[in-house]
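Visitor: Build the 3D model from these lines:
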Amino acid sequence: MPLTFFSIDRTFAQDETKIEINKCVRLSAGFVVGGYILDETQNFLTGGLFQYSYNIKINNRIGTGYGVGVDFLEKDFFIPLYLNSVAFITPEERSPFVDFQTGYSVGWSGRYKDYDSYNFNGGLMHGGGIDY
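Guide: Numbers count the residues shown, from 1 in each chain. Got it, this is the predicted structure:
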């Protein structure tokens, strides 16, 4: 059962230095719209997310790091553990950037607790976006 999430979030970042950013801690909170296809029906769910990531800037344009979070969609809950890659569009101190995440997300659901043959354990996760 593939799940698809779209999020609108606000990112708060704290830079280690003002002149050259070497390390960055990000806290993100947002609104999630997700869906899945089950028995030829398409279901849409809403929820939220909170994420924390720690990134190290490799050069003027590229950074990498790791993160953890909590995502929830009604009765479905996920804890993503991921590696994060960041590509800054311009080399300036304040720059929009492209963000990509990949990892594993532990999941559980109260929606399917009455189905003995159904396992909802989570799986691979991927995400991305454009931030400023």
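Visitor: For this structure, which element, helix or strand, carries the lowest mean pLDDT?
Guide: Within the chain, no helix or strand scores below strand 3-15, which has a mean of 52 by mean pLDDT, DSSP states H and E.
Visitor: so what does the following helix or strand past that strand touch, helix or strand wise?
Guide: For strand 3-15, the following helix or strand on the C-terminal side (DSSP states H and E) is strand 23-38. Strand 23-38 is packed against strand 3-15, strand 41-57, strand 62-73, with contacts defined by 3 or more CB pairs under 8 Å, 6 or more residues apart in numbering; DSSP states H and E. (C-beta placed from N, C-alpha, C; glycine too.)
Visitor: Which elements pack onto the host helix or strand of Phe78?
Guide: If you go by DSSP H and E, Phe78 is part of strand 76-88. When contacts are defined as 3+ CB pairs under 8 Å, 6+ apart, strand 76-88 packs onto strand 41-57, strand 62-73, strand 97-109, strand 122-131.
Visitor: Apply 10 Å and report the result again.
Guide: Judged by 3 or more CB pairs under 10 Å, 6 or more residues apart in numbering; DSSP states H and E, the packing partners of strand 76-88 are strand 3-15, strand 23-38, strand 41-57, strand 62-73, strand 97-109, strand 122-131.
Visitor: Can you get me a residue count around Gly69?
Guide: Gly69 sits with 22 neighbouring residues when counted by other CB atoms under 10 Å.
Visitor: My error: substitute Val86 in the last question.
Guide: Val86 has 22 nearby residues by other CB under 10 Å.
Visitor: Can you give me the pLDDT of it?
Guide: Each residue has a pLDDT score; the one for Val86 is 88.
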